[in-house]
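1. sequence isn't available, so here's the structure alone:
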């Protein structure tokens with residue numbers, strides 16, 4: 001039986017689980033005592049941002065516009081619905097960032113001892129928080145019944161989770177945590193994604209009217225993460241050019257994959 005014969009809820013949960021587990025792949029170098037150079041790390045994070053950006057537009061916003069148009073909104077009405085959903089998704093992530101204490105990314109040695117430990121664990125919390133809307137995006141993609149779109153989203157998010165898992169594991173290893181424990185925590189940060197995947201797939205499967213709203217919301221949340229979390233981190237250490245090249249490469253690769261899978 002092909003994937004088309006599976007229930008969208010099951011597909012959304014399994015795909016978001018696989019995408020989230022990719023954080024564990026990124027943590028593997030820590031098990032062998034390896035650490036990537038700063039420029040390469042920023043290039044990979046830039047690549048992740050480009051992948052997410054392309055996925056937001058080609059796998060979420062464009063299908064959301066088509067879904068809204070198919071429900072009789074008309075061109076302007078469909079655009080209005082999707083824009084409202086995008087802004088609402090970004091607003092929700094902004095509120096989460098304001099209400100829940102966390103560190104955007106590791107900002108260097110801001111102190112000794114407990115202060116540095118606190119900052120890195122807040123960074124781990126930040127990664128965990130922004131993995132939720134990524135899982136939501138995968139779930140919404142499959143919940144709409146479009147296996148190709150859901151697969152493209154899962155692939156995109158899995159790719160961008162690899163450098164994130166690496167960043168978490170390297171940060172914890174730098175504090176002296178055992179490599180296996182550091183890699184395990186990195187893996188756990190991605191395992192919040194199946195929760196978002198189940199919610200997204202379930203909401204869309206219950207009512208098709210939710211589809212354009214769910215896709216727009218997930219896109220807005222992901223774009224907020226790209227702008228507020230990932231891009232500033234890639235520019236923090238003076239590697240703006242290589243990070244931007246990585247972003248352009250990620251966008252191009254994901255666009256080609258999305259067109260090929262779609």
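-> Looks like it came in fine. Not measured: the values here are computed from a predicted model. Numbering: from 1, shown residues only.
2. list the residues that contact residue 82.
-> 61, 64-65, 68, 212, 215-216 (CB atoms under 8 Å, 6 or more residues apart in numbering). All C-beta spots, glycine's among them, are computed from the backbone N, C-alpha and C.
3. just send those back as CSV, with secondary structure and pLDDT too.
-> As requested, those are exported to CSV (DSSP: H, G, I helix; E, B strand; the rest coil; pLDDT from 0 to 100):
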residue, secondary structure, pLDDT
61, helix, 89
64, helix, 85
65, helix, 91
68, helix, 87
212, helix, 85
215, helix, 81
216, helix, 87
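4. got a winner among the residues you listed for most neighbours?
-> residue 215 (35 neighbours; other CB atoms under 10 Å).
5. isn't it right up against residue 140?
-> Yes - assessed by CB atoms under 8 Å, residue 215 is found in contact with residue 140 at 5.4 Å.
6. under the pLDDT cut-off, which ranges of the stretch 151-262 of the chain? List them.
-> For the stretch 151-262 of the chain, the stretches with pLDDT under 70 are 174-175, 207, 261-262.
7. helices of this protein, start to end?
-> 8-31, 38-55, 62-70, 74-99, 114-143, 147-174, 179-190, 193-206, 210-225, 231-235, 240-261 (DSSP state H).
8. what is the shortest one packed up against?
-> It stands for helix 231-235. helix 38-55, helix 240-261 (3 or more CB pairs under 8 Å, 6 or more residues apart in numbering; DSSP states H and E).
9. repeat the analysis, applying 7 Å as the threshold.
-> helix 38-55 (3 or more CB pairs under 7 Å, 6 or more residues apart in numbering; DSSP states H and E).
10. so which bits of the helix it packs on are buried?
-> Neighbour-count burial for helix 38-55 flags 41-55 (criterion: 16 or more other CB atoms under 10 Å).
11. lowest-confidence one in those?
-> Lowest pLDDT of these: residue 41, 73.
12. what residues are up against that residue?
-> Counting by CB atoms under 7 Å, 6 or more residues apart in numbering, residue 41 touches residue 163.
13. what about it, distance to residue 48?
-> Distance, residue 41 to residue 48, by CB to CB, to the nearest Å: 11 Å.
14. what touches both of those two?
-> By CB under 7 Å, 6+ apart, the residues touching both residue 41 and residue 48 are residue 163.
15. most widely separated two among the contacts of residue 82?
-> Maximum pairwise distance among the contacts of residue 82 (CB to CB): 10.6 Å, between 61 and 68.
16. on that earlier part again, of the contacts of residue 82, closest to residue 12?
-> Distances from residue 12 to the contacts of residue 82, taken by CB to CB, are shortest for residue 215, at 12.8 Å.
17. with adjacent residues omitted, what lies nearest to the residue positioned nearest the centre of the chain?
-> Most central in the chain under CA atoms, centre = their mean is residue 134, positioned 4.0 Å from the mean C-alpha point. Leaving aside its chain neighbours, residue 134 sits nearest to residue 157 (4.6 Å; criterion: CB to CB, 6 or more residues apart in numbering).
18. that neighbour contacts residue 19, correct?
-> Yes - Residue 157 is within contact range of residue 19, at 4.3 Å (criterion: CB atoms under 7 Å).
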